[in-house]
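Colleague: Prediction below, plus the sequence it came from.
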Amino acid sequence: MLAGDRVNLLGLPRPELESFVAQRLGAKPFRARQLMHWIYRRGAADFAEMTDLAKDFRAQLAAVAGISVPQIVTEQRSADGTRKWMLRMDAVQGIETVFIPEPGRGTLCISSQVGCAMDCSFCATAQQGFNRNLTVAEIVGQVWLAQRELRSGGASAGRVITNVVFMGMGEPLANYRNVLPAMRIFLDDLGYDLSRRRVTLSTSGLVPQIHKLAEECNVALAVSLHAPNDELRNELVPINRKHPIDELLAACWHYLDKQNGRSVTFEYVMLDGVNDQREHARQLAKLLRGHPAKVNLIPFNSFPGTRYSCSPAAAIVGFRDVLNEHGVIATIRKTRGDDIEAACGQLAGRVTNRATVRLGQRLPIAPAEVP
Ligand code: SAH
């Protein structure tokens with residue numbers, strides 16, 4: 001948080017930064033470009049580091065603006081190189097961000113909300129309930145911070161994060177207002193300069209917002225389908241009761257048409273005895289065949305208190321083969337970071353469920369517990 005009414009430049013959309021620089025500081029527009037370069041490319045959080053800006057200008061900036069970045073509460077490292085940070089959002093709330101290194105690429109999995117209200121029955125974040133949306137600065141700040149940490153570990157000053165995926169905590173399309181400007185900074189050549197295929201928004205299926213996104217932004221779309229029929233999907237992904245599968249798929253094809261996209265990735269979590277039968281694979285193939293779709297099968301990652309278990313490896317391979325035989329491309333997602341609870345659906349952070357607080361129950365986390 002910044003003292004007084006100083007403006008946080010982290011996450012400020014480019015047009016707003018340009019008018020801030022021009023109107024509040026009476027400076028030329030290229031100053032905004034210099035600032036973006038320092039903040040995102042160089043990872044600066046202090047105007048004093050910005051040595052190609054005049055001293056007077058830096059002092060003027062420091063009086064009215066700042067660069068406020070999230071703070072790390074804890075960091076965990078997996079045996080497979082995956083790193084997970086818990087970031088402090090305020091005195092009580094924490095969210096999680098995960099970095100997954102792979103040969104030739106580094107994927108950062110970011111959160112969009114403190115908790116989640118979608119209530120998917122197989123997801124650990126859902127169990128925490130929902131607290132609030134993240135701000136643009138808090139979303140962009142996850143990339144800023146991960147880049148700093150990765151570089152300080154001896155990584156080159158070049159690009160260490162090649163892909164950003166909204167697959168952490170929260171439903172990004174339920175926080176559309178802040179997720180959209182954050183994505184623009186990821187794509188901006190003066191921001192993180194990622195190509196549109198390297199920024200992935202994953203959604204549980206908020207149909208009206210998919211239509212809106214189709215008009216406004218161009219990123220890769222992933223959809224958490226998890227079931228091949230409405231009856232089963234209603235149970236696993238309750239938002240399906242509002243926006244059933246046929247509406248959801250129509251929105252996906254519309255998005256691809258509008259954005260000239262190649263394909264939509266459909267995520268499908270493999271739950272033993274629930275959605276993993278060959279008949280489910282045949283139904284799924286029927287839905288997707290002939291469309292620009294890829295299926296990504298996710299082995300279920302367990303967490304305390306869940307009633308589900310992961311399908312046996314043979315069932316997952318069999319499921320993939322049925323899809324492939326029916327002309328639908330399917331792959332199996334490699335589980336990463338499960339020894340530090342950093343795998344899909346395991347992120348829990350520190351969430352004070354608003355609903356619980358309203359009911360006057362004890363807070364799950366006392367403020368004093370946060371170091
Ligand atoms: N709200 C977004 C992002 C969620 S996390 C969405 O629903 O797409 C990214 C993926 O992990 C989603 O496909 C989600 O359904 C999946 N997931 C959730 N819990 C999981 C679990 N326990 N095991 C495996 N995948 C899970």
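Modeller: That came through, no problem.

Colleague: so who does residue 68 touch?
Modeller: Contacts of residue 68 were listed using C-beta atoms under 8 Å, 6 or more residues apart in numbering, and they are 1, 2, 8, 10, 137, 141. (Glycine included, C-beta is placed from N, CA and C.)

Colleague: What is the three-state secondary structure of it?
Modeller: Three-state assignment for residue 68 (DSSP: H, G, I helix; E, B strand; the rest coil): coil.

Colleague: Near the ligand, which residues of this structure? Just list them.
Modeller: 120, 122-123, 167, 171, 202-204, 224, 267, 269, 298, 300-301, 344-345 (C-beta under 6 Å from any ligand atom).

Colleague: can we see that at 5 Å?
Modeller: 123, 167, 171, 202, 204, 224, 267, 269, 298, 300-301, 344-345 (C-beta under 5 Å from any ligand atom).

Colleague: how about the helices in this structure?
Modeller: Secondary structure of the chain (DSSP state H): helices at 14-19, 30-36, 55-64, 124-128, 136-152, 176-187, 207-216, 230-236, 245-259, 278-288, 313-325, 354-358.

Colleague: Of all the residues in this structure, which one is nearest the ligand?
Modeller: For the chain, the residue closest to the ligand is residue 345, as judged by C-beta to the nearest ligand atom, at 1.9 Å.

Colleague: was I right about that residue contacting residue 303?
Modeller: Yes. Assessed by C-beta atoms under 8 Å, residue 345 is found in contact with residue 303 at 7.2 Å.

Colleague: Mutual contacts of the two, please.
Modeller: Counting by C-beta under 8 Å, 6+ apart, the residues touching both residue 345 and residue 303 are residue 124.

Colleague: Residue 211 is in contact with residue 251, isn't it?
Modeller: Yes. Counting by C-beta under 8 Å, residue 251 is a contact partner of residue 211 at 5.8 Å.

Colleague: Which one's more surrounded, the two?
Modeller: Counted by other C-beta atoms under 10 Å, residue 211 and residue 251 do not tie: residue 251 has more neighbours, with 24 against 14.

Colleague: Show me which of the contacts of residue 68 are buried.
Modeller: The neighbour count (16 or more other C-beta atoms under 10 Å) marks 8, 10, 137, 141 as buried among those.

Colleague: Adding pLDDT, write these out as JSON lines.
Modeller: Output for these, formatted as JSON lines (pLDDT from 0 to 100):
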{"residue": "8", "pLDDT": "96"}
{"residue": "10", "pLDDT": "97"}
{"residue": "137", "pLDDT": "97"}
{"residue": "141", "pLDDT": "98"}
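
Colleague: what two of those residues are the furthest from one another?
Modeller: Greatest spatial distance in the buried ones among the contacts of residue 68: 8 and 141, 9.3 Å, computed using C-beta to C-beta.

Colleague: What residue spans form the domains of the chain?
Modeller: The chain breaks down by automatic domain parsing into domains covering 7-66, 71-364.

Colleague: any idea which of those is most buried?
Modeller: Greatest average neighbour count among the domains of the chain goes to domain 71-364 (a mean of 19), per mean count of other C-beta atoms under 10 Å.

Colleague: With just CA atoms, put stretch 318-333 into PDB.
Modeller: Taking Å, rounded to 0.1, in the frame of the first residue of the first chain, the C-alpha atoms of stretch 318-333 are listed here in PDB:
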ATOM      1  CA  GLY A 318      -7.700 -45.400 -22.100                       C
ATOM      2  CA  PHE A 319      -9.800 -42.200 -22.000                       C
ATOM      3  CA  ARG A 320      -7.200 -40.400 -24.100                       C
ATOM      4  CA  ASP A 321      -7.100 -43.200 -26.600                       C
ATOM      5  CA  VAL A 322     -10.900 -43.200 -27.100                       C
ATOM      6  CA  LEU A 323     -10.800 -39.400 -27.700                       C
ATOM      7  CA  ASN A 324      -8.000 -39.800 -30.200                       C
ATOM      8  CA  GLU A 325      -9.700 -42.700 -32.000                       C
ATOM      9  CA  HIS A 326     -12.700 -40.400 -32.400                       C
ATOM     10  CA  GLY A 327     -10.700 -37.700 -33.900                       C
ATOM     11  CA  VAL A 328     -10.300 -35.400 -30.900                       C
ATOM     12  CA  ILE A 329      -6.700 -34.400 -29.900                       C
ATOM     13  CA  ALA A 330      -6.100 -35.200 -26.200                       C
ATOM     14  CA  THR A 331      -3.100 -35.000 -24.000                       C
ATOM     15  CA  ILE A 332      -2.500 -35.800 -20.400                       C
ATOM     16  CA  ARG A 333      -1.200 -33.000 -18.100                       C
END
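
Colleague: now that stretch: how far from the chain's centre is it?
Modeller: 26 Å (C-alpha atoms, centre = their mean, to the nearest Å).

Colleague: I'd like the mean pLDDT over it, please.
Modeller: Averaged across stretch 318-333, the pLDDT comes to 97.

Colleague: swap in stretch 263-276?
Modeller: Stretch 263-276 comes out at a mean pLDDT of 98.

Colleague: and what of stretch 42-60?
Modeller: In the prediction, stretch 42-60 has an average pLDDT of 94.

Colleague: Distance from that stretch to the middle of the chain?
Modeller: Remark: stretch 42-60 is offset 30 Å from the chain centroid, using C-alpha atoms, centre = their mean.

Colleague: what do you get for stretch 215-223?
Modeller: 13 Å.

Colleague: swap in stretch 328-337?
Modeller: The answer for stretch 328-337 is 18 Å, by C-alpha atoms, centre = their mean.
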